[in-house]
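A.B. asks: What follows is a predicted protein model with its sequence.
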Amino acid sequence: MLLPRKWYSAINVRRSRRRYDKSKPIEPVKVEKLHTVCADFRPFSGVRVEFFPEPPDDIFANAFWFYSMIKNAPAFFAFIGDTSDDHMQEKMGYTGEGIILEATALGLGTCWVALSYRSKSAMSMMKLSATEKLIAVSPVGYATDVITFEEKAITGFGANHKRNPLSTMVSGLEQAQWPPWVRYAVEAARLSPSAINRQPWNFRIEKDSITVSVKSPGMEFNVSKRLDCGIAMLHLELGVVNQGVQGEWELLKQPDVARFTIK
């Protein structure tokens, strides 16, 4: 499946939303589109996303920390990965963000949730193999028109949308030597969401490729930094595709994550 151009436009629109309008159900045509993209967008083995339009109860009820503010979500995505795959986390981030951006393009709100949700409630709706694990979820629905005070407080009144300057995350070729597609790629990757906005990625620029790596190893807040880097991989490729350039990914060993080489 070629990456849709509309996902690139959705990068600048997407925001993590936690309050949903329970008076506005997701239309059947959009429900069908979300089921379809979950079935069709599976660029890597070992990971998948399932859409559940009618959860039996609120999987975000009784959660703790800031995710406890998620309310009235009528549906959710489940991000499922095979724990026997060494590259599962980055594959999951890449695949899951594609689904998130499809929902954004449809005018729906979402929010990556990797920690505080009722996992038993969510897993009761799905069949997992012996090596599969529910990695994260996302509420899906029409977000309230007004961003509540609580939502603003949770995100630091917009602080979570701030991004570090490119100079702190790129190495390799000097910017004056970058081919035109490179700037679009790294700017799109720079806008990627990450757990607590930690932005754990580095980008090494070469003439025909960009390598994504993790700034520092290990987990943080029990969420894999490689999952965040997988999200950045998807954004990076969308920036390249927006310039009419194609390429392919090569998954790498730590601390590197993957290398995108243009064709």
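C.D. replies: On my side now, so go ahead. Numbers count the residues shown, from 1 in each chain.
A.B. asks: how about the helices in the stretch 51-200 of the chain?
C.D. replies: Using DSSP state H, counting those that start in this stretch, the helices of the stretch 51-200 of the chain run over 88-105, 119-123, 149-154, 180-190.
A.B. asks: how much space between Trp7 and Phe60?
C.D. replies: In this view, Trp7 and Phe60 are 26 Å apart by CB to CB, to the nearest Å. Glycine gets a C-beta too; all of them are placed from N, C-alpha and C.
A.B. asks: so of the helices of the stretch 51-200 of the chain, which one's packed in deepest?
C.D. replies: Among these, helix 88-105 has the highest mean neighbour count (mean count of other CB atoms under 10 Å), at a mean of 25.
A.B. asks: Go ahead and confirm Ala189 touches Cys229.
C.D. replies: No - judged on CB atoms under 8 Å, Ala189 makes no contact with Cys229 at a distance of 9.3 Å.
A.B. asks: overlap in contacts of those two?
C.D. replies: Trp201, Val212 (CB atoms under 8 Å, 6 or more residues apart in numbering).
A.B. asks: Thr211 falls within a strand, correct?
C.D. replies: Yes - judged by DSSP: H, G, I helix; E, B strand; the rest coil, Thr211 forms part of a strand.
A.B. asks: Any figure for the gap between it and Gly172?
C.D. replies: Thr211 sits 8 Å away from Gly172, taking CB to CB as the criterion.
A.B. asks: same deal with Arg42?
C.D. replies: Distance, Arg42 to Gly172, by CB to CB: 31 Å.
A.B. asks: Run through the residues that contact the spatially most central residue of the chain.
C.D. replies: Geometric centre of the chain, nearest residue: Glu97, 3.1 Å, by CA atoms, centre = their mean. Going by CB under 8 Å, 6+ apart, Glu97 touches Ser192, Pro193, Gly230, Ile231, Leu234, His235.
A.B. asks: remind me which residues of the stretch 101-250 of the chain are low pLDDT?
C.D. replies: Residue ranges of the stretch 101-250 of the chain with pLDDT under 70: 148-161, 218-221.
A.B. asks: Can you show me the strands along it?
C.D. replies: 109-110, 132-141, 170-172, 201-206, 209-214, 219-220, 223-224, 247-251 (DSSP state E, counting those that start in this stretch).
A.B. asks: Packing partners of the first one?
C.D. replies: Put plainly, it is strand 109-110. Strand 109-110 is packed against helix 88-105, strand 132-141, with contacts defined by 3 or more CB pairs under 8 Å, 6 or more residues apart in numbering; DSSP states H and E.
A.B. asks: And for the longest one?
C.D. replies: In terms of contacts (3+ CB pairs under 8 Å, 6+ apart), strand 132-141 is packed against strand 75-82, helix 88-105, strand 109-110, helix 119-123.
A.B. asks: Out of these, which is closest to Asp145?
C.D. replies: For the helices and strands packed on strand 132-141, distance to Asp145 was read as CB to CB. The smallest value, 10.8 Å, belongs to strand 109-110.
A.B. asks: Could you tell me how far that closest one lies from the centre of the chain?
C.D. replies: Its chain's C-alpha centre and that of strand 109-110 lie 11 Å apart, by CA atoms, centre = their mean, to the nearest Å.
A.B. asks: Over to stretch 137-144?
C.D. replies: Offset of stretch 137-144 from its chain centre (CA atoms, centre = their mean): 14 Å.
A.B. asks: One more: stretch 80-99?
C.D. replies: Between the centre of stretch 80-99 and the centre of its host chain there is 10 Å, according to CA atoms, centre = their mean.
A.B. asks: Which one, of the helices of the stretch 51-200 of the chain, ends up nearest to Lys263?
C.D. replies: When the helices of the stretch 51-200 of the chain are compared by CB to CB, helix 180-190 sits nearest Lys263, at 11.7 Å.
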